[in-house]
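Q: I'd like to go over a predicted model; first the sequence, then the structure.
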Amino acid sequence: MDPGSTEPGSKRQGVAIGITGASGAVYAVRTVAALLERGVHVELIVSDYGRRLLRDELGDQATGEINLHSNRDLGAGIASGSHSCSGMAIVPCSMKTLAAVAHGLSRNLIERAADVMLKERRRLVVVPRETPMSLPQLRNMVLCAEAGAQILPAMPAFYQMPKTLDDLADFMAGKILSALGFEHDLYPAWTGQVKH
């Protein structure tokens, strides 16, 4: 069953998206759009640096029509395990947020919602966008993976012969949707041959 679908008598589940200050806002925006296109309820949390990232990389209107949770609101519904979110992606995920998730910190709503996903054994997809990586950063990724998160670095492929930045964003959004349990057609499946 699609995580965002509804069965008779059941409550519709949503997906949380956290946006932090690592470069790669285009991946977050495309992921949110792809979820909304599929009728998925999206709980959006943007850190202060994430807001700046959206403005810096996508322009002032990037946050104009987005209804989102305050990252300071630790009393929001998604801060509780009883909330109906089926999963969460942090895209892009800063190394600061990665470290917080790895060590179970809950200083803000993104960190707390991620902690809830882990403790409730729900899907948590962490999309770091940093290179090169230090040994502490690599160890934090291992800690997150050991706790149950899926580490999905923002590394788009090129077998689908991308022509635009949108093609690259679609690839990453598709990978994130797959990791959250959603079917999509955002990029062609690998067939064993490169298209020319």
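A: Ah, there it is. Residues are numbered from 1 along each chain as shown.
Q: when you work out contacts or count neighbours from here on, use the C-alpha atoms and nothing else.
A: Noted.
Q: lowest average confidence, helix or strand, in the chain?
A: helix 48-58 (a mean of 74; mean pLDDT, DSSP states H and E).
Q: where does the chain dip in pLDDT?
A: For the chain, applying pLDDT under 70 flags the ranges 1-13, 54-55, 57-67, 194-196.
Q: who's in contact with the longest helix along the chain?
A: Secondary structure of the chain per DSSP state H: the longest helix is helix 165-180. For helix 165-180, the surrounding residues in contact (CA atoms under 8 Å, 6 or more residues apart in numbering) are 3, 26-28, 30-31, 34-35, 87-89, 123-125, 150, 152, 154-157, 162, 183-187.
Q: hey, where'd the helices end up in the protein?
A: 25-37, 48-58, 95-102, 109-119, 135-147, 165-180.
Q: relative to residue 74, which of those is closest?
A: Among those, the nearest to residue 74 by CA to CA is helix 109-119 (5.2 Å).
Q: what about the residue positioned nearest the centre of the chain, distance to residue 14?
A: Centroid check for the chain by CA atoms, centre = their mean gives residue 89 as the closest residue, at 2.5 Å. Going from residue 89 to residue 14 by CA to CA, to the nearest Å gives 12 Å.
Q: cool, residue 144 as well?
A: Separation of residue 144 from residue 14 (CA to CA): 22 Å.
Q: residue 180 - how many residues pack around it?
A: 22 (other CA atoms under 10 Å).
Q: apologies, that question was intended for residue 138.
A: Number of residues near residue 138 (other CA under 10 Å) recorded here: 14.
Q: ok, it to residue 166 distance?
A: The separation that residue 138 has from residue 166, given CA to CA, amounts to 29 Å.
Q: and what of residue 141?
A: Applying CA to CA, the value for residue 141 to residue 166 is 27 Å.
Q: higher neighbour count, those two?
A: Taking neighbours as other CA under 10 Å, residue 141 and residue 166 compare with residue 141 leading, 23 against 13.
Q: is that one in contact with residue 98, as I believe?
A: Yes: with contact defined as CA atoms under 8 Å, residue 141 counts as touching residue 98 (7.2 Å).
Q: for residue 73, give me phi and psi.
A: Dihedral pair for residue 73: phi -90, psi 80, per degrees, to the nearest 10.
Q: mind listing what it touches?
A: 108, 109.
Q: what separation do you get for it and residue 110?
A: 10 Å.
Q: what's the answer for residue 20, then?
A: Taking CA to CA as the measure, residue 20 and residue 110 are separated by 9 Å.
Q: residue 37 now?
A: Residue 37 is 23 Å from residue 110, by CA to CA.
Q: who has more neighbours, the two?
A: Comparing residue 37 with residue 110 by other CA under 10 Å, the one with more neighbours is residue 110, at 33 against 9.
Q: name the nearest residue to that one, sequence neighbours excluded.
A: residue 18 (5.8 Å; CA to CA, 6 or more residues apart in numbering).
Q: what's the neighbour count on that neighbour?
A: With other CA under 10 Å as criterion, residue 18 counts 27.
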